[in-house]
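In: All I have is the shape, not the residue letters:
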């Protein structure tokens, strides 16, 4: 079942044409990787889905309902959580407060259980629960950003460059956790410059170049594609 | 120099300084709340403050002309004017943000500042116009509640009127309540989240505009309460009365570390005490060469010195942030 569909998206930053006729689909239960170089439009695509940017043309739909033009705070209520580029955790709030802000819209009794679930995925966060988030290391901040998004109990998780600025061993750890979150039932759209890492956990992928989708396919097929290997896998 | 006199007036001056300090602290909350969230100085806050004082005086005058002012218990009267003043100023502050600041949210920083100064002038003259038509006068005097003027002797030379105690207790309660709201509740955490990163806060499902309105509501309500207490304490108000206390309270907010609630209290107290001591002692210590009217020089010199040595204010943020 298609949960997320983008069709004919045209997005501008002022006069800069950032996305051109972008179309992509994410199926329920998938990890879909969105690959491409700096400035290819990956972050722009995620921002358009979560409502931080409004497309000039085209549509976004989620679980059969239109999502185009819905403001960010309502997109979360629909079941989409966005871990933005650069993590954007609240530096002056404690780890616990950050996680509770992730559950801001929830009124149900399951918040405590989900806190436990996040701590099971990221035990380091539990150790630092009363610490002010600005004092965490880069890897811990990335864990917090993902944990915070999971607190919304999203059906679709948008991840923007989870490997950015992290040591290789941490990157492996974070990606293993992302795969685990997916196994637990969350659909994931993953933006990543580290194509090898992304393709290792993704089911399918799309390649963006200067705002246009130029390639798509299964992760295995993309990994074997000569063009992808040359441009993104450093061969 | 009369040493005995200098020592003798000390407790009374201290008390006056504390009282003035709490008054500044309450007004400063409005500046500091809004600055904390928007990094914007709401220069119309001094008028939002004085509107609270006018609402209070109108109710008191209304009760007085109805002949019931002295038959209603003073605590009820006080609560009534406080709540009414807070409500009026809070709603006014929210409206001002919607009309004069929100459309300019993404304009260069100087533009909303100029808009705020415009709102300040507009409100001053709107109050003047209204009172001139309604009462044929815009210099108004708070009717005295006799009970509130009752003075308690602390020592042989120091006494304190009930109204001053009311001001101090009310200010402490409001400062504590606001601190608890911001630091101990979910909505308060959301306010701090919006203050730090509006886009990230919106991704949490926080309606940023609603939180900004709430911030103006709370800051305005605190200003309105301060206005009512100002009227009860000092008695005489006119549409331009808010300007100087507003400026001083802004100074207090910066002194304590703008955006910081305990900072507003510390800044207010430091400024109030400096002013009270300068006003009482300058003339005595200099043999009359410097009169009490030089007190503001001391208050603002303190501001300049603190900003030179602690640019973020006395309680300015010391949180270390990693990139």
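Out: On my side now, so go ahead. Keep in mind that what you see is a predicted model, and the values were worked out from it rather than measured.
In: Ramachandran angles for residue A:17?
Out: Residue A:17 adopts backbone torsions of phi -90, psi 100, taken as degrees, to the nearest 10.
In: Roughly how far does it sit from residue A:41?
Out: According to CB to CB, to the nearest Å, residue A:17 and residue A:41 sit 10 Å apart. In this view, the C-beta of every residue, glycine as well, is placed from N, C-alpha and C.
In: Name the residues of chain A found near chain B, please.
Out: By CB under 8 Å from any CB of the partner chain, the part of chain A that sits against chain B consists of A:50-52, A:71-74, A:76-77, A:81-82, A:84, A:88-93, A:97, A:100-102, A:104-105, A:132, A:134-138, A:141, A:148, A:152.
In: got a pLDDT number for residue B:301?
Out: For residue B:301, the pLDDT comes out at 86.
In: Now which of the residues of chain A next to chain B would you call buried?
Out: For those, a neighbour count by 16 or more other CB atoms under 10 Å in any protein chain shown gives the buried set as A:50-52, A:72-73, A:76, A:81-82, A:84, A:88-93, A:97, A:100-102, A:104, A:132, A:134-136, A:141, A:148, A:152.
In: Out of the residues you listed, list just those in strands.
Out: A:81, A:82 (DSSP state E).
In: before we move on, back to that, so which of residue A:17 and residue A:41 has more stuff around it?
Out: residue A:41 (26 against 14; other CB atoms under 10 Å in any protein chain shown).
In: surely the more buried one meets residue A:18?
Out: Yes: applying CB atoms under 8 Å, one finds residue A:41 in contact with residue A:18, separated by 5.4 Å.
In: tell me, what's touching the two both at once?
Out: Residues within reach of residue A:41 and of residue A:18 at once, by CB atoms under 8 Å, 6 or more residues apart in numbering or on different chains, are A:11, A:211.
In: Excluding covalently adjacent residues, which one is nearest to residue 97?
Out: No chain was given, so I picked chain A. Spatial nearest neighbour of residue A:97, excluding adjacent residues (CB to CB, 6 or more residues apart in numbering or on different chains): residue B:189 at 5.1 Å.
In: Actually, chain B is the one I wanted.
Out: Once flanking residues are discounted, residue B:97 sits nearest to residue B:216: 4.5 Å by CB to CB, 6+ apart.
In: Thought residue B:100 was touching that neighbour, still the case?
Out: No: counting by CB under 8 Å, residue B:216 does not reach residue B:100; the two are 11.1 Å apart.
In: Compare neighbour counts for the two and give me the winner.
Out: For residue B:216 versus residue B:100, neighbours defined as other CB under 10 Å are more numerous around residue B:216 (28 against 17).
In: got the contact list for the more buried one?
Out: Residues in contact with residue B:216 (CB under 8 Å, 6+ apart) are B:34, B:42, B:90, B:93, B:94, B:96, B:97.
In: Same question for residue B:23.
Out: Shown in contact with residue B:23 (CB under 8 Å, 6+ apart): B:167, B:171, B:226, B:229, B:230, B:233, B:245, B:249, B:268, B:272.
In: and if you look at residue A:68?
Out: Residues in contact with residue A:68 (CB under 8 Å, 6+ apart) are A:54, A:55, A:58, A:59, A:60, A:61.
In: Relative to residue A:62, how far out is it?
Out: Note on residue A:68: its distance to residue A:62, by CB to CB, is 10 Å.
In: again, but for residue B:243
Out: For residue B:243, the distance to residue A:62 (CB to CB) stands at 52 Å.
In: what does residue B:157 give?
Out: Distance, residue B:157 to residue A:62, using CB to CB: 74 Å.
In: Between these two, which is the more surrounded one?
Out: Applying other CB under 10 Å to residue B:157 and residue A:62 shows that residue A:62 carries more neighbours, namely 20 against 12.
In: ok, that one touching residue A:3?
Out: Yes: counting by CB under 8 Å, residue A:62 sits close enough to residue A:3 to count as a contact (6.5 Å).
In: intersection of neighbour lists for these two?
Out: Here residue A:62 and residue A:3 share the contacting residues residue A:156, scored by CB under 8 Å, 6+ apart.
In: what ranges do the helices span in chain A?
Out: Using DSSP state H, the helices of chain A run over A:42-49, A:72-78, A:95-102, A:111-121, A:123-127, A:138-150, A:168-183, A:195-201, A:219-224, A:226-231.
In: which stretch among these comes nearest residue B:38?
Out: Shortest separation from residue B:38 across the helices of chain A is recorded for helix A:72-78, at 17.7 Å, computed as CB to CB.
In: Quick one: list the elements packing against that closest one.
Out: Other helices and strands packing on helix A:72-78, by 3 or more CB pairs under 8 Å, 6 or more residues apart in numbering or on different chains; DSSP states H and E, are helix B:198-203.
In: And the very next helix or strand once past the helix it packs on, what's buried?
Out: Going down the chain from helix B:198-203, the next helix or strand is helix B:208-234, by DSSP states H and E. Along helix B:208-234, these residues count as buried under the neighbour rule (16+ other CB under 10 Å): B:208-209, B:211-233.
In: Next: stretch B:75-82.
Out: Using 16+ other CB under 10 Å as the burial criterion, the residues of stretch B:75-82 that qualify are B:77, B:78, B:80, B:81, B:82.
In: Quick check: phi and psi on the last one?
Out: The reference is to residue B:82. Backbone dihedrals for residue B:82, given as degrees, to the nearest 10, come out at phi -60, psi -50.
In: now it: how far from chain A?
Out: The gap separating residue B:82 from chain A is 32 Å, by CB to the nearest CB, to the nearest Å.
In: Go through the contacts of residue B:23 and name the one nearest chain A.
Out: Nearest to chain A, judged by CB to the nearest CB, of the contacts of residue B:23 is residue B:268 at 22.9 Å.
In: so who does that closest one touch?
Out: Going by CB under 8 Å, 6+ apart, residue B:268 touches B:21, B:22, B:23, B:24, B:25, B:26, B:27, B:28, B:249, B:252, B:256.
In: Now intersect those with the helices, please.
Out: Reading helices off the contacts of residue B:268 with DSSP H, I get B:21, B:22, B:23, B:24, B:25, B:26, B:27, B:28, B:249, B:252, B:256.
In: so residue A:100 sits right up against residue B:188, yeah?
Out: No: the criterion here is CB under 8 Å, and residue A:100 misses it with residue B:188 at 11.5 Å.
In: Next, the buried residues of stretch B:160-173.
Out: Buried residues in stretch B:160-173, counted by 16+ other CB under 10 Å: B:160, B:162, B:163, B:164, B:166, B:167, B:168, B:170, B:171.
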